[in-house]
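1. When you get a sec, could you give me coordinates for this:
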Amino acid sequence: YGAITGLKNVKKPLMLQVIGSGVASLKQINRSAFPPPEETGWDDEDDYDGGVDLIWGITPTLTLNATINPDFAQIEADPDQLNLNGEELFLQERRPFFRENSAIFRVPDGENPLYTRRIFDIDQGLRLTGQTGGTDLALLFVNGKDGSGEEDLFGVVRTQTPLSEDFAVCGWLIGKHNLDDIENYTNSHGEFYESIDDDTNILAGLDAYYQPGNWQMRMHLYRSWYPDSKRAFYTDEPTSEKENIHFKVKYSGDQWGTLGDYTDVGLGYYPELGFTNTSRMGQRIYTHYIWGSKSFPEDHYLDEIENTSHVMIGFNRDDSSHYSVLGFNTYNEVDFDNNLSIYCTGEIYDDRTFYKFNKFSTGDNGEIINPTARYYANTLGEGNNDVRTIDVGFSWTDGGFQGLGVGYLTGDYYFSKLDRWNFWANWNWHSELTVELDLDHLRRYEPTDAYVEANGEWTDWDVWIYRAKVLYYFNRDLYARTIISGYMDEDRRFNQHGVSA
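-> Next comes the predicted model:
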């Protein structure tokens, strides 16, 4: 190649983006839809807001993101989900301020101690991500509100240091401090406090990754600190069991693989930021996966056969003689050479993790104080919930037609029978127009005697969930997107004021 000469005083250009935004909204509410019935007419609620975002490349490896009143008006709505077992639903982060350069905040194959979807109504935010001295570094500070509407200051420090080609160590420090004065506070156990001087929740932890060849070994150690007055409702007394320990060993070969997993979560582990299912508190859980696949020559009528099996067993930390979870499921898929796939899934699951909700301190009238604990205790009784389901279906793809699938699930699922039909289809025309359709029909019926006895009544579910998304690109810089989604519940009844009867 030729040589380039004569280049002098070449300077790195300033990488700076400043994006302003403005949002206006108008909402009209029909007063006659709500009691008292004599009110008529409409109420208008309008709102006008503005904000600014800044992205600054401080160095080639360090980027600063800052935001004031960020504009999330263009964020795509979350897909509708039905919660069938009472566990908290995990929602993907879609807001640009949290998504950009967010890989360092994620924990592969583990429970993430930072769950940013708990942060709402952001006033100001500052984030620094990049690399310095061979260490990946991320700092995050956000002034916003949590799910209860309290104004909080969130702070996160995350580092990742590769010690060799196969071994890396990561550190976490997460804090949440309430900025509102808390006086005359009554916690979920009915205990009264005149004030809380230091309402700060802190989590510190360590991740370690070792990946030699086809093997992967991961370790996650986390511990949380918070005032005893803010302890979770599922602990009767303050406890020192505030750790979350997670070990995982995985082998991935060309045609088969296996994974072993051990999780130990203390009853007092309550970071309020990370995503940990309530049922995991106070449990020691062992899981094992094994999977394999068989491929066929191109001239064979089959492409591949796959199988994945999963076994889970969990024990209560305070009483290891009683198990909390026994589970087994299997997934099988056959791919044909004409773009057709057929799958079958079976599951057997005995869930006793919620038994502890019957042991909480109660008020003077004998009722469980915390409404969430009361829900679990009344709904799940002793917590022995047998799940037995089978799910079969198929999918088909061809060229610009991205796919069509139909599935059917039936069985016993948490104190009732469950039937579900699912249909989906995706089209893509010349990379300009994309159409996605999803339709679910879910029915729950024939409750167990234990549920009816605990609750005194039962209402069948017969719900349709639909979602249609259309995306059209006029050019590479301009597109239009429309999403329509909703529920249709055939069994729900409303009175003349629009209030559920």
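2. Roughly how far does D351 sit from N30?
-> 43 Å (C-beta to C-beta, to the nearest Å). For every residue, glycine as well, the C-beta is placed using N, CA and C.
3. for I305, same thing?
-> When distance is defined by C-beta to C-beta, I305 is 56 Å away from N30.
4. Stretch 110-123: which residues count as buried?
-> Buried residues in stretch 110-123, counted by 16 or more other C-beta atoms under 10 Å: G110, E111, N112, P113, L114, Y115, T116, R117, R118, I119, I122.
5. Relative to Y222, which of these is nearest.
-> Lowest distance from Y222 to those (C-beta to C-beta) belongs to P113, with 5.4 Å.
6. did I read that right, the closest one in a strand?
-> No: assigned with DSSP: H, G, I helix; E, B strand; the rest coil, P113 falls outside any strand and is coil.
7. The residue nearest to it when sequence neighbours are not counted is in what secondary structure piece?
-> Closest residue in space to P113, ignoring its immediate chain neighbours: G274 at 3.9 Å, by C-beta to C-beta, 6 or more residues apart in numbering. Using DSSP states H and E, G274 is not contained in any helix or strand.
8. Same check on D78?
-> Once you assign secondary structure using DSSP H and E, D78 falls outside every helix and strand.
9. Count the neighbours of the nearest residue to it once chain neighbours are set aside for me.
-> The spatially closest residue to D78, leaving aside those adjacent along the chain, is L91, at 5.4 Å (C-beta to C-beta, 6+ apart). L91 sits with 14 neighbouring residues when counted by other C-beta atoms under 10 Å.
10. Helices of the stretch 1-150 of the chain, start to end?
-> 96-99 (DSSP state H, counting those that start in this stretch).
11. give me the low-pLDDT residue ranges for the stretch 151-300 of the chain?
-> Within the stretch 151-300 of the chain, no range satisfies pLDDT under 70.
12. how about the strands in it?
-> With DSSP state E, counting those that start in this stretch as the definition, the stretch 151-300 of the chain shows strands at residue ranges 151-162, 167-178, 183-186, 192-195, 200-210, 215-225, 243-252, 256-265, 283-295.
13. Dump these into a markdown table; add distance to W458 as well.
-> As requested, the strands of the stretch 151-300 of the chain are exported to a markdown table (distance: least, C-beta to C-beta, whole Å):
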| stretch | distance to W458 |
| --- | --- |
| strand 151-162 | 39 |
| strand 167-178 | 39 |
| strand 183-186 | 33 |
| strand 192-195 | 37 |
| strand 200-210 | 38 |
| strand 215-225 | 38 |
| strand 243-252 | 36 |
| strand 256-265 | 32 |
| strand 283-295 | 29 |
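14. E457: which of the ones you listed is closest?
-> Taking C-beta to C-beta as the measure, those were each checked against E457, and strand 183-186 came out nearest at 30.1 Å.
15. what residues are up against the residue nearest to F98 when sequence neighbours are not counted?
-> Take F98 and drop its neighbours on the chain: the residue closest to it by C-beta to C-beta, 6+ apart is T116, 4.6 Å away. Taking C-beta atoms under 8 Å, 6 or more residues apart in numbering, we find T116 in contact with E93, R95, F98, F105.
16. what's the answer for P113, then?
-> By C-beta under 8 Å, 6+ apart, P113 lies in contact with V107, W172, I174, L203, G205, Y222, N244, P271, L273, G274.
17. Pick the one among these closest to K294.
-> Looking at the contacts of P113 and their distance to K294, the nearest is V107, at 32.3 Å (C-beta to C-beta).
18. show me where the stretch 351-500 of the chain has strands.
-> 385-398, 401-412, 417-429, 433-445, 461-475, 478-489.
19. Let me know which of the ones you listed is the nearest to W56.
-> strand 478-489 (26.4 Å).
20. Pull the distance from the closest one to the chain's centre.
-> Averaged C-alpha coordinates place strand 478-489 at 21 Å from its chain's average position (C-alpha atoms, centre = their mean, to the nearest Å).
21. strands paired with that strand, and their directions?
-> In the sheet, strand 478-489 lines up against strand 461-475 (antiparallel) (DSSP bridges).
22. got the angle between the strand it pairs with and strand 433-445?
-> With axes from the mean of the first three to the mean of the last three C-alpha atoms, to 10 degrees applied, the angle from strand 461-475 to strand 433-445 works out at 170 degrees.
23. biggest strand in this structure, by residue count?
-> Longest strand in the chain by number of residues (criterion: DSSP state E): strand 42-59.
24. so what's V334 up against?
-> Applying C-beta under 8 Å, 6+ apart, the residues contacting V334 are L302, E304, I305, E306, S341, I342, Y343.
25. now T132
-> If you count contacts by C-beta under 8 Å, 6+ apart, T132 has them with T61, L62.
26. who does it bridge with?
-> T132 forms beta bridges with T135, as assigned by DSSP bridges.
27. can you tell me how far P96 sits from D198?
-> For P96, the distance to D198 (C-beta to C-beta) stands at 33 Å.
28. typo on my end, it should be V452
-> Applying C-beta to C-beta to V452 and D198 gives a distance of 46 Å.
29. Show me what counts as buried in stretch 136-153.
-> By neighbour count, with 16+ other C-beta under 10 Å as the criterion, the buried positions of stretch 136-153 are D136, L137, A138, L139, L140, F141, V142, N143, G144, K145, D146, D152.
30. Stretch 202-219 now?
-> I202, L203, A204, G205, D207, Y209, Y210, Q216, R218, M219.
31. before we move on, what about stretch 218-232?
-> Counting neighbours by 16+ other C-beta under 10 Å, one finds that the buried residues in stretch 218-232 are R218, M219, H220, Y222, R223, S224, Y226, P227, S229, K230, R231, A232.
32. worst-scoring helix or strand of the chain, pLDDT-wise?
-> Taking mean pLDDT, DSSP states H and E as the measure, the chain has helix 371-380 as its least confident helix or strand, at a mean of 64.
33. thinking D146 is in contact with D152, fair?
-> Yes: with contacts defined as C-beta atoms under 8 Å, D146 counts as touching D152 at a distance of 5.2 Å.
34. Skipping its backbone neighbours, what lies nearest the residue nearest to the spatial centre of the chain in space?
-> In the chain, the C-alpha nearest the mean C-alpha coordinate belongs to F90, at 1.7 Å (C-alpha atoms, centre = their mean). With sequence-adjacent residues excluded and distances taken as C-beta to C-beta, 6+ apart, F90 is closest to F275, at 5.7 Å.
35. Ramachandran angles for the one you found?
-> Main-chain torsions, F275, degrees, to the nearest 10: phi -110, psi 100.
36. count of neighbours near it?
-> Here the count is done by other C-beta under 10 Å, and F275 has 17 residues near it.
37. Name the nearest of the buried residues of stretch 110-123 relative to R467.
-> Taking C-beta to C-beta as the measure, R467 sits nearest to R117 out of those, at 19.4 Å.
38. Starting from I75, give me the distance back to that closest one.
-> Using C-beta to C-beta, which is the criterion applied here, R117 is 12 Å from I75.
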